[in-house]
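[1] prediction below, plus the sequence it came from.
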Amino acid sequence: MNALTPALIVLAALAGAPDAAAQSPPAAAKVTVRDAWARLPTDGRSTTAYVTVENLTDVEDRLIGASSPWAERVVLQRQVNEGYNVVKRTVTSIPLKARGILRMRPGGYQLALEGLNRPIRADVPIPLTLRFANGGVVDAKAEVSKQLLGNWGR
C-alpha cells in the first residue's frame, strides 16, 4: 500500500456519502393558514378578516399578531355577548391547541383591519401576515366576500 492509498480511501468514502443536507427532508410547516376571507368594507376604513389555522405540531401555540400592507394595523379580536349587546374585545393572543384547528368566524375570533390605505374590492384578495409564538410567520391572502352580513356558515 502506498502513501496515497489512505487518502484515496477517505476521498472515495466522502465522495460516495450523500450530503447530510440533501438527506434530510424539507422542514415541515408548523402552522398552516387556509380559507382566509374578509368582508367588503361598509365604511372604506375598516373591515374584518377570518382564517382557519391548523397547528401541525404536538405543542400548543398562540396567534400573537397579524399585519397587512393594506391596513395601518390589524387587531386580534373576539366577539362576545354581554346581555343583549355584541361587544368586540381586543385580545393579545388567540390560543391554538396542539394538533388543533382554529376556525375564525363571525361571532368569534376575528382580525380587524383598521385604517385601510387602499380601496378593497371583491376581486382582489387582501394580503395578511400572521405571527405565531412557536409557528413563526405565515402569509395568507383573504378573498373578499361581497356579502356584508350573514356569513355565519363560512
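    Nice, thanks for sending it over. Numbers count the residues shown, from 1 in each chain.

[2] so what's T129 bridging to?
    S67, D139 (DSSP bridges).

[3] quick one, what contacts it?
    T129 makes contacts with A66, S67, S68, V137, V138, D139, A140, as judged by C-beta atoms under 8 Å, 6 or more residues apart in numbering. Bear in mind the C-beta positions are built from the backbone N, C-alpha and C, glycine included.

[4] hmm, which of the residues you listed are the buried ones?
    A66, S67, S68, V138, A140 (16 or more other C-beta atoms under 10 Å).

[5] the last one touches V51, doesn't it?
    Yes: under the criterion of C-beta atoms under 8 Å, A140 lies in contact with V51, with a separation of 6.0 Å.

[6] what's the following helix or strand after the helix or strand bottoming out on mean pLDDT in the chain?
    Taking mean pLDDT, DSSP states H and E as the measure, the helix or strand of the chain with the lowest value is helix 20-23, at a mean of 41. Proceeding N to C from helix 20-23, the next assigned helix or strand is strand 31-39, under DSSP states H and E.

[7] strand 31-39 and the helix or strand following that next one, what's the angle between them?
    Proceeding C-terminally, strand 31-39 gives way to strand 46-55 as the next helix or strand, assigned by DSSP H and E. Interaxial angle, strand 46-55 versus strand 31-39 (axes from the mean of the first three to the mean of the last three C-alpha atoms, to 10 degrees): 160 degrees.
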